[in-house]
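1. the following comprises the amino acid sequence and a computationally predicted model.
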2 protein chains.
Amino acid sequence: MQRGLIVTDVGHYGGMTTQANGAPHRTRMTGKERREQLLEVGRALFAERGFDATSVEEIAAKAGVSKPVVYEHFGGKEGLYAVVVDREMRTLLDMVTSALTSGHPRELIEQAALALLEYVEQHSDGFRILVRDSPVAQSTGNFASLISDIAGRVEHLLGGEFSRRGYDPALAVMYAQMLVGMVALTGQWWLDAQQPSRDEVATHLVNLAWNGLSGLEHEPRLLTRKRIS
Amino acid sequence: MQRGLIVTDVGHYGGMTTQANGAPHRTRMTGKERREQLLEVGRALFAERGFDATSVEEIAAKAGVSKPVVYEHFGGKEGLYAVVVDREMRTLLDMVTSALTSGHPRELIEQAALALLEYVEQHSDGFRILVRDSPVAQSTGNFASLISDIAGRVEHLLGGEFSRRGYDPALAVMYAQMLVGMVALTGQWWLDAQQPSRDEVATHLVNLAWNGLSGLEHEPRLLTRKRIS
DNA sequence: ACCGTAACTTACGGAAGCGTAGGGCCCCGT
DNA sequence: ACGGGGCCCTACGCTTCCGTAAGTTACGGT
């Protein structure tokens, strides 16, 4: 692999390495373009292998560029990772919170479930990353903090509903955890076995969360969608 | 750190390193003893830092022993890890399945929830390890395979109940995922904020799973326990 | 008392992989 | 036409860590 022993052979933008994406490219991008491209490549690799198993060189190579470029833009692997995670969390939270419009609790659940599944569908890589644990953080990983964030919102919604209905609002935290765990893990499962459609998964999610096992509806429907099939 | 330049100074079982567990020991154990000890130490470290962040040397040092001993017993880091994970999964599965005695679905849920929380309480390190993702396995981590295992049993139970009640048994997989996710993530949360007692957490877990949000009981009780407080 | 074996040890060799030093091109403004 | 800055490259130093080779001590059977 060592071409050029002492012969430095410096200069000229590397060999004509054909890229994974097909295009032979040796494109000289603008700073912003390269940055965005690196974020995309990094996101894909982090999703595939996880943080530790992904090397900076790998990212750079897949972007058709050399390592220092990555350091130029993000100051290191963790820097890039942080930006990727931040963007994904923001996207997910935006999608979920912006989906919460109606006031009826059952509709809220339905909307939240649909929003998360939509995120899983459209940003699978991001979801895979968020689901993994963090690089260094021991107790409170990124997943934990994501869960906290989401669960916090759910808790808030639940808290209001709880006190309105006469339940102990202090329990809202716990129920929030349950609901989030239910939805999150189902999303993870759905990502692999892409069995039913998004709407169908959401339907059953709501069916369990709202009705419980004792009162499952035989042919559940979504309130906000027309029909199921 | 380089004591003894060329002076090999070999021989004699290491320095008088005082151990983390207090005892100064320089104990020469039997093979089996050492093996068990290494498993305990490894489990603790894997739980604390995760697989990648834990080095073989760290494990050996904490066990008051040098690296090759670990290799002697387990052939490497992954070997040790595999045994740890296998044992924990077996323990968890045993605890859960052996708890499933009664036939009534609500009681089954209650027993399963109690069993898992008992595992979380008694084997926190193991649970932390199982919750993390695997070293190399990309798509199907250990957590995923654990989930599959557990969810498989749940699915089996659910499937019977579903067809008995006139639901589509094919949906049992999905509902199993939901239930497992709910319980698993709640367990994870409970591990950090050790807020309510085990029985109380289980009570509310069952409350949500069985009754759903629409029919939550105000003061839920466990069926198999006498009282809650 | 001896010797084989089980239980350990101190080094190495070597592979990754992070981050940086020290440049070369090329465009664009003057 | 020339210089500065943006964009990018080829090394290289350095740390960490895995896994192994080769040799040392203790212990138990004969």
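-> Received it, and whenever you're ready, just let me know what you need.
2. contacts, neighbours, all on C-alpha from now
-> OK.
3. tell me the SS of A:Arg221?
-> Following DSSP: H, G, I helix; E, B strand; the rest coil, the label given to A:Arg221 is coil.
4. now for it, how many residues are close by?
-> Applying other C-alpha atoms under 10 Å in any protein chain shown, we find 19 other residues in the vicinity of A:Arg221.
5. same check, this time on A:Arg132
-> As a burial measure, A:Arg132 scores 18 neighbours (other C-alpha under 10 Å).
6. next SSE downstream of the worst-scoring helix or strand of chain A on mean pLDDT?
-> When the helices and strands of chain A are scored by mean pLDDT, DSSP states H and E, helix A:142-165 comes last with a mean of 77. Beyond helix A:142-165 on the C-terminal side, the first helix or strand identified by DSSP states H and E is helix A:172-192.
7. contacting residues around that following helix?
-> Outside helix A:172-192, the residues that touch it by C-alpha atoms under 8 Å, 6 or more residues apart in numbering or on different chains are A:113, A:116-117, A:120-121, A:124, A:128, A:147, A:150-152, A:154-156, A:158-159, A:162, A:205, A:209, B:174, B:177-186, B:189, B:201, B:204-205, B:208.
8. tell me the pLDDT at A:Lys67?
-> As predicted, A:Lys67 sits at a pLDDT of 97.
9. do A:Val183 as well
-> Per-residue pLDDT puts A:Val183 at 90.
10. now swap in A:Phe51 and tell me
-> A:Phe51 is given a pLDDT of 91.
11. same check, this time on the one 4 residues further on
-> Per-residue confidence for A:Ser55 comes out at a pLDDT of 97.
12. how many neighbouring residues does the nearest residue to it once chain neighbours are set aside have?
-> Leaving aside its chain neighbours, A:Ser55 sits nearest to A:Lys77 (7.8 Å; criterion: C-alpha to C-alpha, 6 or more residues apart in numbering or on different chains). Neighbour count of A:Lys77, defined by other C-alpha under 10 Å: 18.
13. ok, A:Lys77 to B:His218 distance?
-> Using C-alpha to C-alpha, to the nearest Å, A:Lys77 is found at 49 Å from B:His218.
14. what do you get for A:Gln177?
-> 18 Å.
15. swap in A:His123?
-> 39 Å.
16. quick check: phi and psi on the residue nearest to A:Ser55?
-> Backbone torsions of A:Lys77, given as degrees, to the nearest 10, read phi -70, psi -40.
17. ok, A:His123 next?
-> Here is the backbone geometry of A:His123 (degrees, to the nearest 10): phi -130, psi 60.
18. show the contacting residues for it.
-> Per C-alpha under 8 Å, 6+ apart, neighbours of A:His123: none.
19. check what pLDDT it gets.
-> With respect to pLDDT, A:His123 scores 97.
20. ok, A:Ser134 next?
-> A:Ser134 carries a pLDDT value of 42.
21. try the one 3 residues further on
-> Reported pLDDT at A:Ala137 in the predicted model: 40.
22. what's the answer for the one 3 residues further on, then?
-> Note for A:Thr140: predicted pLDDT of 40.
23. likewise for A:Gly126?
-> For A:Gly126, the pLDDT comes out at 95.
24. any chance you could map the helices in chain A?
-> With helices called from DSSP state H, chain A shows them at A:31-49, A:56-62, A:67-74, A:77-99, A:105-122, A:124-131, A:142-165, A:172-192, A:198-206.
25. so which of the ones you listed is nearest B:Glu40?
-> Comparison of these against B:Glu40 by C-alpha to C-alpha identifies helix A:142-165 as nearest, at 25.7 Å.
26. DNA strand C contacts on chain A?
-> Counting by C-alpha under 7 Å from any atom of the strand, the positions of chain A adjacent to DNA strand C are A:10-12, A:52-57, A:67-68, A:71, A:75-78.
27. so which of those residues is the closest to B:Leu223?
-> Of these, the one sitting nearest to B:Leu223 (C-alpha to C-alpha) turns out to be A:Asp52, at 45.8 Å.
28. so that closest one sits against B:Gly50, correct?
-> No. If you go by C-alpha atoms under 8 Å, A:Asp52 and B:Gly50 don't touch, sitting 11.1 Å apart.
29. looking only at neighbour counts, state which of those two leads.
-> B:Gly50 (22 against 14).
30. out of the helices of chain A, which gets nearest to B:Arg90?
-> helix A:172-192 (21.6 Å).
31. residues of chain A that sit close to chain B?
-> Residues of chain A lying close to chain B by C-alpha under 8 Å from any C-alpha of the partner chain are A:48-49, A:52, A:132-133, A:138, A:166-167, A:174-175, A:177-186, A:189, A:201, A:204-205, A:208-215, A:218.
32. now do stretch A:61-75: distance to the chain's middle.
-> Relative to the chain's own centre, stretch A:61-75 is displaced by 23 Å; criterion: C-alpha atoms, centre = their mean, to the nearest Å.
33. and it, what's buried?
-> Within stretch A:61-75, the residues scored as buried using 16 or more other C-alpha atoms under 10 Å in any protein chain shown are A:61-67, A:69-70, A:74.
34. and the end-to-end length of that stretch?
-> This stretch, stretch A:61-75, spans 17 Å end to end (C-alpha to C-alpha).
35. and stretch A:56-76, by the same measure?
-> So stretch A:56-76: terminal residues 8 Å apart, C-alpha to C-alpha.
36. export stretch A:82-89 as CSV, just CAs?
-> Once non-C-alpha atoms are left out, stretch A:82-89 reads as follows in CSV (Å, rounded to 0.1, in the frame of the first residue of the first chain):
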residue,chain,number,x,y,z
ALA,A,82,-22.1,15.9,18.1
VAL,A,83,-23.4,17.8,15.1
VAL,A,84,-25.0,14.8,13.6
VAL,A,85,-26.7,13.8,16.8
ASP,A,86,-27.8,17.4,17.5
ARG,A,87,-29.4,17.7,14.1
GLU,A,88,-31.2,14.4,14.4
MET,A,89,-32.5,15.1,17.8
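37. what mean pLDDT does it get?
-> Model confidence over stretch A:82-89, given as mean pLDDT, is 94.
38. before we move on, what about stretch A:199-208?
-> In this model, stretch A:199-208 has an average pLDDT of 96.
39. over to stretch A:101-118?
-> 90.
40. buried residues, that stretch. List them.
-> Neighbour counts using 16+ other C-alpha under 10 Å place A:105-118 of stretch A:101-118 among the buried residues.
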